[in-house]
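Visitor: Using only what follows, build the 3D model:
(chains A and B)
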Amino acid sequence: MSATLPRTERRAEVELRRRPTTLSAAATLLAVELKLEGRTYELLPGMALFVIGAFVVFHFALNRGALEGDLAAGVLAVALLLGALLAVNRLFVRELEQGGFEALLLAPVPPAALLLAKTAALFIYMCLLEAVGLPAYALLLLARSPLGVLGGVVAVLALANLGVAVLGGLIAALTIRARARELLAPLLYLPLLLPVLIGAASGLSPLFAVHAPSFGRWLAGEGGRWLTVLGLYDLVFGLIGSALFDFLLED
Amino acid sequence: MSRPSSPESSPLAVELQGVGREFGERPVLQGVTLQLAAGQTLAILGANGAGKTTLLRLVAGLIEPTWGRARVLGAKLPGERGRLRGRVGLVGHDPLLYRDLTARENLALQCRLHNLGPERVEELLGAVGASRFADRPIRELSRGMVQRVAVARALVASPPLLLLDEPQANLDPQARANLEPLVGRASGRTRLLTSHEPQAALREADLVLGLRAGRAAFLLPAESVGSRELEGLYR
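Guide: Coordinates of the predicted model:
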């Protein structure tokens, strides 16, 4: 059984000298994260049900079947960001409960690879959530179909998703070892996410107006301004996350 | 700025000088001093809560010492713990395996993180006798089966230093015999092991560290440890 081990053990030592890059390690960890979510469905179904439930609540609470402009943009942005909170609370739970943190600290990869993988996973979860949530929103609450302004909506939501994911990964890592993480994460996450909420709602508002501008006019005016704000936010928190994560993961 | 020390500058695999650790304000390990040469085995004995697991985690670089100086495989801890990554194998109470992945998928993940090819997965599965249940999720395996996979995970990168926290736990005699060439004395690796079977540990060890309430009660060559020392640990 072990007759071949000395040869293979030597080869393992030699090959180990080539350490994986942060990006290749992050890609490996992302693939595992998506595979695990595909098997367990711990996050996405809950997020989707929550967001659709929120739309139904708004539908009855506002006593209106058709929203437009600022109100339509605000309701959509708030529901999506609160839905993201469910994922943030559970983002590193598997690693905490099943020893993934320690296995990673023993492996020759930078801990930042895990943050990168979790951030990418959260971004993908948000995109999938919106693929389900946006049609439901249009059906339940929007005054007019968003198909005509889909380019702008996708641009705003993509940059907002990136901000949600970058900050969400950081907050999840920061609070994962805290005893009251379900309480602590929203307390830290929601105030820091306000610029994303404002940017997303303000960027979407003209698109959801009864007389929506063309994509070019929107991009040259309000849209371009808020896309820049969202992009800067993503950049700043991306840099903060990459600088802090190694310290958050270690003892 | 001090230069990082090279692994070759010290013939010792593990050097601890007055090392201790507290959690909150509660010290769980205090004033441990020892030196272990490459290729030697240190058995760490003590009652539950004596600090054995904490000492292993500290040597692995997973937790920082609150007091004292530590150097493992030439890397000063905690400052140079990045240099330890991939060179220490840990078999602990927690198997460090994803429960919803199969044994093969868990080992494949570890191989990719260590930049090793997929052929290494099959080698390890065969070596620990896990090939027949390699495609079952970890959560469906018995504790003994999981322990075999955990040993394979710890050996992925063929580490020169093995930290074994009760490695024989949950294993049947056949599995123990199978794993002996991999993690036993015959492996030729430097080893720190804990055990609740003192006589078995003495047979494995060159040096024995007895811990009592987080403090070193004795550090002796294995042949010098008698029933008097052992009884003192568990009293």
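
Visitor: Show me where chain B has its strands.
Guide: Residue ranges of the strands in chain B, as given by DSSP state E, are B:12-23, B:26-37, B:41-46, B:67-72, B:75-77, B:88-91, B:161-165, B:190-194, B:207-212, B:215-221.

Visitor: Buried residues, the fourth one. List them.
Guide: Buried residues in strand B:67-72, defined by neighbour count with 16 or more other Cβ atoms under 10 Å in any protein chain shown: B:68, B:70-72. Backbone N, C-alpha and C define where each C-beta goes, glycine included.

Visitor: Now render the residues you listed as CSV, adding pLDDT and distance to chain A.
Guide: Below are the buried residues of strand B:67-72 laid out as CSV (pLDDT from 0 to 100; distance: Cβ to the nearest Cβ, whole Å):
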residue, pLDDT, distance to chain A
B:68, 94, 15
B:70, 95, 13
B:71, 95, 17
B:72, 95, 12
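
Visitor: where exactly do the helices run in the stretch 1-150 of chain A?
Guide: A:5-16, A:22-40, A:44-61, A:69-90, A:93-98, A:100-106, A:112-140, A:150-175 (DSSP state H, counting those that start in this stretch).

Visitor: quick one, what contacts the most centrally placed residue in chain B?
Guide: For chain B, residue B:163 is the residue whose C-alpha lies nearest the centre (Cα atoms, centre = their mean; 1.0 Å). By Cβ atoms under 8 Å, 6 or more residues apart in numbering or on different chains, the contact set of residue B:163 is B:56, B:59-60, B:88-92, B:191-193.

Visitor: if we go to 10 Å?
Guide: A:106, B:14, B:42, B:44, B:53, B:55-60, B:62, B:72, B:88-92, B:154, B:190-194 (Cβ atoms under 10 Å, 6 or more residues apart in numbering or on different chains).

Visitor: swap in residue B:194?
Guide: B:42-46, B:50, B:52-53, B:55-56, B:92, B:163-167, B:201, B:209, B:211.

Visitor: Distance check, it against residue B:61.
Guide: 17 Å (Cβ to Cβ, to the nearest Å).

Visitor: all helices of chain B, in order?
Guide: With DSSP state H as the criterion, chain B has helices at B:52-59, B:103-113, B:119-127, B:143-154, B:173-183, B:198-204, B:227-234.

Visitor: So which of those is nearest residue A:230?
Guide: helix B:103-113 (33.0 Å; Cβ to Cβ).

Visitor: by contact count, what packs against the closest one?
Guide: helix A:22-40, helix A:100-106, helix B:119-127, helix B:143-154 (3 or more Cβ pairs under 10 Å, 6 or more residues apart in numbering or on different chains; DSSP states H and E).

Visitor: can we see that at 7 Å?
Guide: In this structure, helix B:103-113 makes packing contacts with helix A:22-40, helix B:119-127, helix B:143-154, judged by 3 or more Cβ pairs under 7 Å, 6 or more residues apart in numbering or on different chains; DSSP states H and E.

Visitor: Flag every residue of the stretch 51-200 of chain A that's near chain B.
Guide: A:94, A:98-100, A:102-103, A:105-109 (Cβ under 7 Å from any Cβ of the partner chain).

Visitor: now residue 84, nearest residue through space, not along the chain?
Guide: Unless you meant another one, I'm taking chain A. Nearest non-adjacent residue to residue A:84, counting by Cβ to Cβ, 6 or more residues apart in numbering or on different chains: residue A:164, 4.8 Å away.

Visitor: um, chain B though
Guide: Nearest non-adjacent residue to residue B:84 (Cβ to Cβ, 6+ apart): residue B:61, at 4.6 Å.

Visitor: same thing with residue B:19?
Guide: residue B:68 (3.6 Å).

Visitor: and the contacts of residue B:194, which are buried?
Guide: So, by 16+ other Cβ under 10 Å, the buried ones in those are B:42-46, B:50, B:52-53, B:55-56, B:92, B:163-167, B:201, B:209, B:211.

Visitor: What parts of chain B come near chain A?
Guide: Residues of chain B lying near chain A (Cβ under 7 Å from any Cβ): B:60, B:62-64, B:85-86, B:88, B:90, B:94-100, B:109-110, B:112-116, B:120, B:123, B:126-127, B:129, B:157-158, B:178, B:181-182.

Visitor: now residue B:229: how far from chain A?
Guide: Distance from residue B:229 to chain A, counting by Cβ to the nearest Cβ, to the nearest Å: 32 Å.

Visitor: right, and that residue touches residue B:210 too?
Guide: Yes: here residue B:229 lies in contact with residue B:210, judged by Cβ atoms under 7 Å, at a distance of 6.1 Å.
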